[in-house]
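Asks: sequence first, predicted model second:
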2 protein chains.
Amino acid sequence: MTSRKAILDSALTLFCARGYDAVGVQEIVEAAGVTKPSLYHFFGSKNGLLETLISERFVDLSRMLERDGEYHGDLTLTLQKLIRGYFHFALENRLYYRLQLSLWFAPPESEAYHAVSAINQKQQAILEKVFLDAVVDHGNMRGRHKLYAVTFLGMINTYIMAALNGHVELSDQLVYQILHQFMYGIFS
Amino acid sequence: MTSRKAILDSALTLFCARGYDAVGVQEIVEAAGVTKPSLYHFFGSKNGLLETLISERFVDLSRMLERDGEYHGDLTLTLQKLIRGYFHFALENRLYYRLQLSLWFAPPESEAYHAVSAINQKQQAILEKVFLDAVVDHGNMRGRHKLYAVTFLGMINTYIMAALNGHVELSDQLVYQILHQFMYGIFS
DNA sequence: CAGGCAGTATACCGAGCGGTATACTGGTTG
DNA sequence: CAACCAGTATACCGCTCGGTATACTGCCTG
């Protein structure tokens, strides 16, 4: 394993367990079996490390969103694919998704916030586009695409966190439950 | 205003904006117009300050939960009261609720987590009891009270965060929407 | 073989951290 | 008035923080 990857892995584990601010650079490099200059060689700063960590892992999620988030006239189908995509990604990247969730509502002036705001905005933008595109077939949704995007992601994240904490399993049945629950919220 | 309250207010504002770990004790006391020994006189430690801050404001929310969370055979009514109670509390304590949300999924070994885990467990326990009590009238809910409690709170928090960010208004209409959306998720 | 460069280690830096020892104040109680 | 105590200020502590200057290694390229 390269030093670079060892640093990223250690950082993910430690940030996930104790939070970005509470973990020191020294601790990260020790866990990775390297020394500080290596970290600064690859990432420039502690914050650069966090940003790299977040954005590098996000590309897979982003790819899924681009692929499953295309609207072709069947909103139910698109949302179903998205829920399934999120579930799959969260299970394949448990630690990373935990970190992302712990930073979901990060304080707006924290360093950590700057690292996640970019990916949050990208998720939000893709989801908004889905609901915006769907307006042509569902006129009653007009003007609420932002709210829909926020609450759709909120609902998914709620269930994913419940799953990561062992309260529920991310099954196919749960996909449909969330889907219908959300759709009911829209059309009621 | 007493020094004690000035410290609590400054800490709330600063923790909310930049996070617990990123804010120094010196900064808090300067913003409050006092000096460090006063802070340590009242709260013992930085962590004690956070715990006091969290638990002292939580009593109002807790009182609401005890009052509105009693189940008397009408689950819809109880949940409706709870949603309304949460909305009201969040609007009356915007900064505090923001802080609580930023710590919602705090890393499990962080100091901040220890400060919020107690109140999270209390909320969870009260909500679980509601769904557990309701089982006698809704047999199909049996065995899922933990999941219901987690997702009910998750849904409420999602909408509250959307409201705090200006995406939606916490109106009566939204209370009913969440209520029906959640109930639909249960009975579908 | 010479030059350069990516990567790494040792040792160090100033700054800020959480926390405290000490002494002073002013009001309350005997 | 004496004793006390909650509250506050000054000045300080050891430690860890994020970050770096310097020098060394070994590989790739000329």
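Replies: Thanks, I have it.
Asks: going forward, measure contacts and count neighbours with C-alpha atoms only.
Replies: Fine.
Asks: so what touches the helix or strand bottoming out on mean pLDDT in chain A?
Replies: Across the helices and strands of chain A, mean confidence by mean pLDDT, DSSP states H and E is lowest for helix A:172-187: a mean of 90. Helix A:172-187 has contacts (Cα atoms under 8 Å, 6 or more residues apart in numbering or on different chains) with A:76, A:79-80, A:83-84, A:140-141, A:148, A:152, A:155-156, B:177-178, B:180-182, B:184-185, B:188.
Asks: and the helices in chain A, which stretches?
Replies: Here chain A has its helices, by DSSP state H, at A:3-18, A:25-32, A:36-43, A:46-68, A:75-92, A:94-102, A:111-134, A:145-164, A:172-187.
Asks: that older thread, what comes up buried for the least confident helix or strand of chain A?
Replies: A:Leu174, A:Val175, A:Tyr176, A:Gln177, A:Ile178, A:Leu179, A:His180, A:Gln181, A:Phe182, A:Met183, A:Tyr184, A:Gly185 (16 or more other Cα atoms under 10 Å in any protein chain shown).
Asks: tell me how far A:Asn165 lies from DNA strand D.
Replies: Going from A:Asn165 to DNA strand D by Cα to the nearest atom of the strand, to the nearest Å gives 28 Å.
Asks: repeat for A:Phe89
Replies: Applying Cα to the nearest atom of the strand to A:Phe89 and DNA strand D gives a distance of 29 Å.
Asks: wait, that residue sits on A:Leu61?
Replies: Yes. Contact criterion Cα atoms under 8 Å: A:Phe89 and A:Leu61 qualify, at 6.5 Å.
Asks: in chain A, where is pLDDT below threshold?
Replies: A:188 (pLDDT under 70).
Asks: domain ranges for it?
Replies: A:1-44, A:55-187 (automatic domain parsing).
Asks: nearest to B:Leu99 among those would be which one?
Replies: domain A:55-187 (8.0 Å; Cα to Cα).
Asks: so which of A:Phe89 and A:Leu61 has more stuff around it?
Replies: A:Leu61 (20 against 17; other Cα atoms under 10 Å in any protein chain shown).
Asks: before we move on, back to that, I'd like the domains of chain A as CSV, with distance to B:Asp68 appended.
Replies: Converted to CSV, those look like this (distance: least, Cα to Cα, whole Å):
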stretch, distance to B:Asp68
domain A:1-44, 35
domain A:55-187, 23
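Asks: among the ones you listed, which is nearest B:Tyr71?
Replies: Short answer: domain A:55-187, nearest of the domains of chain A by Cα to Cα, at 23.0 Å.
Asks: any idea how far that closest one is from the chain center?
Replies: Here domain A:55-187 shows a centroid-to-chain-centroid distance of 8 Å under the convention Cα atoms, centre = their mean, to the nearest Å.
Asks: number of residues surrounding A:Leu103?
Replies: Under the neighbour criterion other Cα under 10 Å, A:Leu103 is assigned a count of 25.
Asks: what does A:Asp60 give?
Replies: 12.
Asks: what residues does chain A put near DNA strand D?
Replies: Taking Cα under 7 Å from any atom of the strand as the criterion, chain A approaches DNA strand D at residues A:21-27, A:36-37, A:40, A:44-47.
Asks: I'd like to know which of those residues are buried.
Replies: If we count by 16+ other Cα under 10 Å, the residues of chain A next to DNA strand D have these buried: A:Asp21, A:Ala22, A:Val23, A:Val25, A:Lys46, A:Asn47.
Asks: next, the closest residue in space to A:Asp137 that isn't next to it in sequence: phi, psi?
Replies: Spatial nearest neighbour of A:Asp137, excluding adjacent residues (Cα to Cα, 6 or more residues apart in numbering or on different chains): A:Gly73 at 7.1 Å. Main-chain torsions, A:Gly73, degrees, to the nearest 10: phi 100, psi -10.
Asks: A:Gly73 touches A:Ala134, doesn't it?
Replies: Yes. A:Gly73 sits in contact with A:Ala134 when judged by Cα under 8 Å, with a separation of 7.0 Å.
Asks: which one's more surrounded, those two?
Replies: The residue with more neighbours, out of A:Gly73 and A:Ala134, is A:Ala134; 19 against 14, by other Cα under 10 Å.
Asks: what is the neighbour count of the closest residue to the more buried one other than its chain neighbours?
Replies: For A:Ala134, ignoring the flanking residues on the chain, the nearest one in space by Cα to Cα, 6+ apart is A:Leu75 at 6.5 Å. Close neighbours of A:Leu75, defined as other Cα under 10 Å, add up to 20.
Asks: what's the distance between A:Leu75 and chain B?
Replies: In this structure, A:Leu75 and chain B are 18 Å apart, going by Cα to the nearest Cα, to the nearest Å.
Asks: ditto for A:Gly48
Replies: On the measure of Cα to the nearest Cα, A:Gly48 and chain B end up 17 Å apart.
Asks: what about that residue, how many neighbours?
Replies: Neighbourhood size, A:Gly48 [other Cα under 10 Å]: 15.
Asks: before we move on, what about A:Met1?
Replies: When neighbours are counted by other Cα under 10 Å, A:Met1 registers 5.
Asks: got a list of what A:Arg57 touches?
Replies: Applying Cα under 8 Å, 6+ apart, the residues contacting A:Arg57 are A:Tyr96.
Asks: measure it to A:Leu99 for me?
Replies: The gap separating A:Arg57 from A:Leu99 is 11 Å, by Cα to Cα, to the nearest Å.
Asks: what does A:Ser45 give?
Replies: A:Ser45 is 19 Å from A:Leu99, by Cα to Cα.
Asks: tell me, which of the residues of chain A next to DNA strand D make contact with DNA strand C?
Replies: A:Lys36, A:Pro37.
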